[in-house]
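Chemist: can you look at this prediction? I've put the sequence above it.
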Amino acid sequence: MNRKTFHTVIAAMLLSLGLMASAQDKPPIRLLVGFPPGGASDSLARLMAEKLRDQLKQNVIVENRPGVGGRIAAQAIKAAPPNGLMYMIAPNATFTFQHLTYPVSVLGYDMNTDFTSVARLTSYPMAMVVNSSIGAKNAKEYIAWLKANPDKNTFGTAGQGGDTHFNGLQFGKLAGIPMQVVPYRGNGPLLIDMVGGQILTGNMLAGDALQHVKSGKLNYIGVFAPQRSPLMPELPTMAEQGFDTGGGDGWMGVWGPAKLPIAELERMQTAIKNVLATPEVKEMLISKFLQVSDYRPGSDVDKALQAELTHWGPIIKASGFTPAP
């Protein structure tokens, strides 16, 4: 090695060590997840944390704060200082459906004023899933089974008052079968009970059930969307099977505290956009999570939330749903 090459190598090593020291000197960024480990929100947050470390040159850690459909994590974000060190990854339902079903006094936050919408991350199909022991693989077969087993008219959801909840209620209304919801603290615990046979039906992110469907333990009945998902084009929608619940694809987003400085907002948006644009992440989202990389800036997130409030408000009101205290 000549002297010039030696000096170049040493300079590169010193730069690398300097960047590492700089990253270690900064306090970590925390990504809050309002559900237990094992579900889509948690898995996506861990993937994003791993990839964002390199983009931000700063440690990024995931904290699970499960409870009441993501409400506990949202309350923590509201209370956090707007310094760019705490964000939340959550499904759209955490904001729209909680806002439509609970007053601000119960939620402990106002979705319109207490947060900064940072970015949309992914979109994904929502599905009805059943334990394969009941033998149903479509809506017609499932309804026949329900009529033969009227005491089994329960379905699980990752919390109460979300899109999976109301899709289930609407399905039961259209089928002429009153369905009863059983809320869980996330899809991870719900799937454990579904595979174990403690509950036989669940509405959830289609990707959360994928490995159990592949193993033959669970069956998809259909997706809650106007069109079939390009991620699983062989699976019919509930609408084309005669049960249009008004549902659509779900999506994941990132939110921070209100009044987040524009510099911190743009720094995180740029990092997220870069991560989601990489071929590795795009392929992993599809193959492992059954989600599509779908970056949108915070302004688009706000528009999407308002559109969902307009769409679901009348449906929820007509359902007569009253949230548990």
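Modeler: All right, it came through fine. Computed from a predicted model, the values in this text were never measured in an experiment.

Chemist: from here on, contacts and neighbour counts on C-alpha atoms
Modeler: OK.

Chemist: which outside residues touch the helix or strand harbouring residue 141?
Modeler: Assigned by DSSP states H and E, residue 141 belongs to helix 139-148. Outside helix 139-148, the residues that touch it by CA atoms under 8 Å, 6 or more residues apart in numbering are 134-136, 152-153, 175, 221-222, 238, 241.

Chemist: got a ChimeraX select line for the buried ones in those?
Modeler: Buried residues among the contacts of helix 139-148 (16 or more other CA atoms under 10 Å), as a ChimeraX selection:
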select :136,153,221,222,238
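
Chemist: for residue 88, which non-adjacent residue is spatially closest?
Modeler: Take residue 88 and drop its neighbours on the chain: the residue closest to it by CA to CA, 6 or more residues apart in numbering is residue 32, 4.5 Å away.

Chemist: actually, residue 95.
Modeler: Once flanking residues are discounted, residue 95 sits nearest to residue 111: 6.3 Å by CA to CA, 6+ apart.

Chemist: from residue 256, how far out is the one you found?
Modeler: From residue 111 across to residue 256, the span is 11 Å (CA to CA, to the nearest Å).

Chemist: with neighbour numbers in mind, choose between the two.
Modeler: Legend: neighbour count by other CA atoms under 10 Å for residue 111 and residue 256, higher for residue 256 (29 against 21).

Chemist: quick check, pLDDT for the more buried one.
Modeler: pLDDT for residue 256: 98.

Chemist: surely it forms part of a strand?
Modeler: Yes. Residue 256 forms part of a strand when assessed by DSSP: H, G, I helix; E, B strand; the rest coil.

Chemist: show me what contacts it?
Modeler: 77-78, 82, 84, 86-88, 115-118.

Chemist: what about the most centrally placed residue in the chain, distance to residue 301?
Modeler: Central residue of the chain (CA atoms, centre = their mean): residue 91, 3.5 Å from the mean position. Distance, residue 91 to residue 301, using CA to CA: 11 Å.

Chemist: please enumerate the shared neighbours of the two.
Modeler: With CA under 8 Å, 6+ apart as the test, residue 91 and residue 301 both reach residue 253.

Chemist: next, give phi and psi for the residue nearest to residue 95.
Modeler: phi -60, psi -20 (degrees, to the nearest 10).

Chemist: equivalent analysis for the one 10 residues further on, please.
Modeler: When read as degrees, to the nearest 10, the backbone of residue 121 gives phi -100, psi -60.

Chemist: repeat for the one 3 residues further on
Modeler: Geometry field for residue 124 lists phi and psi as phi -160, psi 160, criterion degrees, to the nearest 10.

Chemist: the residue lying closest to it once chain neighbours are set aside and residue 308: what is the separation?
Modeler: With CA to CA, 6+ apart as the criterion, residue 124 has its nearest non-adjacent residue at 4.7 Å, and that residue is residue 291. Residue 291 sits 20 Å away from residue 308, taking CA to CA as the criterion.
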